[in-house]
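In: got a sequence here, can you build the structure:
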Amino acid sequence: MINTVRNTVLSVLNKNNYGYISPSDFNLFAKQAQLDIFESYFYEYNYQINKENARQSGTGLADIKKGIEESIDIFSVTKGLYINTDNLYYLPSPATTGSDYYLLNKVLVYQNIVVVGETTSFTAGGNVLTDSNAEFVSNGVSVGDIIAVENGGVQYIKVVQVVDEVTINTTGGYFDASSKKYTIYKKDTKLQEAEFVSNSKITMLNNSVLTSPSLLFPAYTQEANTLTAHPDSLASVGQVLAQYIRYPKDPKWTYIEIQSGQPIFDSTQSDYQDFEIPFDDQVTLILKILQYAGISIREGDVYNFANTEENENTKEQS
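Out: Residues are numbered from 1 along each chain as shown. You can find the predicted model right below:
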């Protein structure tokens, strides 16, 4: 979609000789335009909720709220949080989960732990869990149980075969070094949703026998880039997961060479990234990029045209 959007933008600009935007400028405008549309989903969703409560929204094919939900769900991610120390976890970030978060929707907790340990050796392929200090058979580890392991973040795999007390065959290739921390959860373990508690209230809750968080009723607090899970026993690899809405990836129109003064589009480059928002928003993308381009080249007519068209589209969708 990104090449079509760029060609359309250049076509509008070139029609009246307004000017030219470079690939680097286009990528900057494209990033900001996509973020604008992404953030608008949440305001539109709230607007549609209010219309629904006022009995002014449609159903079936006229259910606009459903379409917005589907657009937002494209960016929904559920991943295990990386442990900092004890029950302190890092919030989602490119370094810990592979993506930054816009909205932390849910925090979930695994409840039924079978084994907690650390690998003592590894084999080629990395799909064999070996822990000479473990007792997998005696502890009741079985096929299908869930294994959480720290490997570039938290990875979840399953038990394929319990070979003996110290060896397990798994579905993943993450055991490629010794001293990797892991936790095994029963395959039928329940995920319990943790309740968000403000830092001003958590001390009072922890000091009360009746309201203190437990494994059955967990809670969490946030501070800076970390999340603290309560009770303190929530400190195992992969035990705390987050379901969050991530930011869209930065779009990048890539090219390989310049021919007749024009760069040639090349989607095979490693840093190529298309837009992530739905195709339905292509027109809005073009108009927003034209607005930024109009400001950049100091052409008020371009900005005004794009702004007018965008306002007309917004009215039609209201």
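
In: ok but E44 is inside a strand, no?
Out: No. Looking at E44 with DSSP: H, G, I helix; E, B strand; the rest coil, it is helix, so not inside a strand.

In: and the closest residue to it other than its chain neighbours, how many residues sit next to it?
Out: Closest residue in space to E44, ignoring its immediate chain neighbours: I68 at 5.4 Å, by Cβ to Cβ, 6 or more residues apart in numbering. (C-beta placed from N, C-alpha, C; glycine too.) For I68, the count of nearby residues is 20 (other Cβ atoms under 10 Å).

In: specify the residue ranges that define each domain of the protein.
Out: Domain assignment of the chain by automatic domain parsing yields the ranges 2-74+251-317, 77-246.

In: reformat the ones you listed as CSV; add mean pLDDT.
Out: Output for the domains of the chain, formatted as CSV (pLDDT from 0 to 100):
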stretch, mean pLDDT
domain 2-74+251-317, 78
domain 77-246, 90
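
In: most tightly packed of those?
Out: Sort the domains of the chain by mean neighbour count, taking mean count of other Cβ atoms under 10 Å, and domain 77-246 sits at the top with a mean of 17.

In: gap between the helix or strand harbouring V283 and the chain center?
Out: Using DSSP states H and E, V283 sits in helix 282-296. Distance of helix 282-296 from the chain centroid (Cα atoms, centre = their mean, to the nearest Å) equals 26 Å.

In: got it, and stretch 132-151?
Out: 28 Å.

In: next, the distance between the ends of it.
Out: One end of stretch 132-151 to the other measures 20 Å (Cα to Cα, to the nearest Å).

In: ok, and the closest non-adjacent residue to the residue nearest in space to the middle of the chain?
Out: Centroid-nearest residue in the chain, with Cα atoms, centre = their mean: R246, separated by 3.5 Å. Spatial nearest neighbour of R246, chain neighbours left out: S99 (4.0 Å); criterion: Cβ to Cβ, 6+ apart.

In: what's near enough to touch D271?
Out: 252, 254 (Cβ atoms under 8 Å, 6 or more residues apart in numbering).

In: how near is it to W253?
Out: To W253, D271 is 10 Å away according to Cβ to Cβ, to the nearest Å.

In: how close does the nearest residue to D250 once chain neighbours are set aside get to D73?
Out: Once flanking residues are discounted, D250 sits nearest to K31: 4.9 Å by Cβ to Cβ, 6+ apart. Per Cβ to Cβ, K31 is found 22 Å from D73.

In: and what of K65?
Out: 12 Å.

In: now Q239: phi and psi?
Out: Backbone torsions for Q239, taken as degrees, to the nearest 10, come to phi -70, psi -30.

In: and for it, nearest residue in space, chain neighbours not counted?
Out: Nearest one to Q239, counting by Cβ to Cβ, 6+ apart, is Y110 at 5.0 Å.

In: return the set of residues that bridge with that neighbour.
Out: Beta-bridge partners for Y110, by DSSP bridges, are L191.

In: contacts only, for it.
Out: 146, 148, 185, 189, 191, 236, 238-241.

In: and if you look at V9?
Out: Contacts of V9 (Cβ under 8 Å, 6+ apart): 21, 26, 286, 289-290, 293.

In: any idea how far P278 is from the residue nearest to E44?
Out: Counting by Cβ to Cβ, the gap from I68 to P278 is 10 Å.

In: equivalent analysis for N225, please.
Out: Taking Cβ to Cβ, one finds N225 at 30 Å from P278.

In: just T254 next, same as before
Out: With Cβ to Cβ as the criterion, T254 and P278 are 22 Å apart.

In: repeat for Y272
Out: 19 Å.

In: same question for T78.
Out: Counting by Cβ to Cβ, the gap from T78 to P278 is 21 Å.

In: same question, Y101
Out: 20 Å.

In: circling back to that earlier point, could I get the contacts of V9 as TSV with distance to R6?
Out: TSV is the format used below for the contacts of V9 (distance: Cβ to Cβ, whole Å):
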residue	distance to R6
I21	9
F26	6
I286	9
I289	8
L290	11
A293	11
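
In: now, which of those sits nearest G261?
Out: I21 (14.3 Å; Cβ to Cβ).

In: touching, that closest one and F29? I think so.
Out: Yes. Counting by Cβ atoms under 8 Å, I21 touches F29, with 7.1 Å between them.
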